[in-house]
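Peer 1: the following comprises the amino acid sequence and a computationally predicted model.
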Amino acid sequence: MTITGGCLCGQVRWTATAEPFVTRACWCRLCQSIGAGSGTVNAGFPSEAVTVEGETRDFAAVADSGNVMHRLFCPSCGVHLFSQAEVRRHQLFIRVGTFDDPNLTRPEMTIWTAQAPTWACIDETIPSQPGQPAPAALAQPDGGKPYLT
């Protein structure tokens with residue numbers, strides 16, 4: 001399976017040659033900022049299955065989980081495309097809103113619900129977690145892959 005996507009202006013394009021191993025809706029405060037008030041929906045891929053064309057910029061910050069997260073975005077239009085934890089370089093999370101076809105995956109879980117505003121629409125038919133769940137299971141290959149910056 002090949003999944004493609006990109007930013008709003010088209011200067012950054014990505015291709016994934018694997019299916020997502022997990023897709024989650026996130027309501028942490030940082031994702032609310034990225035989502036302009038809403039949460040974000042993020043699909044996890046093995047890093048080695050993703051190629052990126054075009055320049056991205058990196059915003060690094062410590063997440064509520066305690067992990068240093070790298071959030072990569074288009075420097076031209078500002079769209080956030082990717083997240084990657086320093087401790088899990090073998091995993092790359094892609095914002096589902098950047099998929100060319102966002103119907104290819106759907107959230108399996110909603111996380112950080114304790115930080116969601118009272119008006120948030122949270123799908124009660126899927127599992128939810130008030131904070132950070134255990135990391136998604138994906139074996140790390142030897143040496144990992146460097147960040148996509």
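Peer 2: Alright, I've got the coordinates.

Peer 1: okay, now the unreliable bits of the protein?
Peer 2: 137-149 (pLDDT under 70).

Peer 1: ok, which stretches of it are helices?
Peer 2: 29-34 (DSSP state H).

Peer 1: in it, which spans are strands?
Peer 2: 3-6, 13-16, 22-26, 40-46, 50-53, 57-62, 68-73, 80-85, 91-95, 109-111 (DSSP state E).

Peer 1: in JSON lines: these, plus distance to Ala136 and mean neighbour count.
Peer 2: For glycine as for every other residue, the C-beta is placed from the backbone atoms N, C-alpha and C. Formatted as JSON lines, the strands of the chain follow (distance: least, C-beta to C-beta, whole Å; neighbours: other C-beta atoms under 10 Å):
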{"stretch": "strand 3-6", "distance to Ala136": "17", "mean neighbour count": "19"}
{"stretch": "strand 13-16", "distance to Ala136": "15", "mean neighbour count": "19"}
{"stretch": "strand 22-26", "distance to Ala136": "4", "mean neighbour count": "23"}
{"stretch": "strand 40-46", "distance to Ala136": "5", "mean neighbour count": "22"}
{"stretch": "strand 50-53", "distance to Ala136": "15", "mean neighbour count": "14"}
{"stretch": "strand 57-62", "distance to Ala136": "20", "mean neighbour count": "12"}
{"stretch": "strand 68-73", "distance to Ala136": "14", "mean neighbour count": "19"}
{"stretch": "strand 80-85", "distance to Ala136": "11", "mean neighbour count": "23"}
{"stretch": "strand 91-95", "distance to Ala136": "7", "mean neighbour count": "24"}
{"stretch": "strand 109-111", "distance to Ala136": "10", "mean neighbour count": "21"}
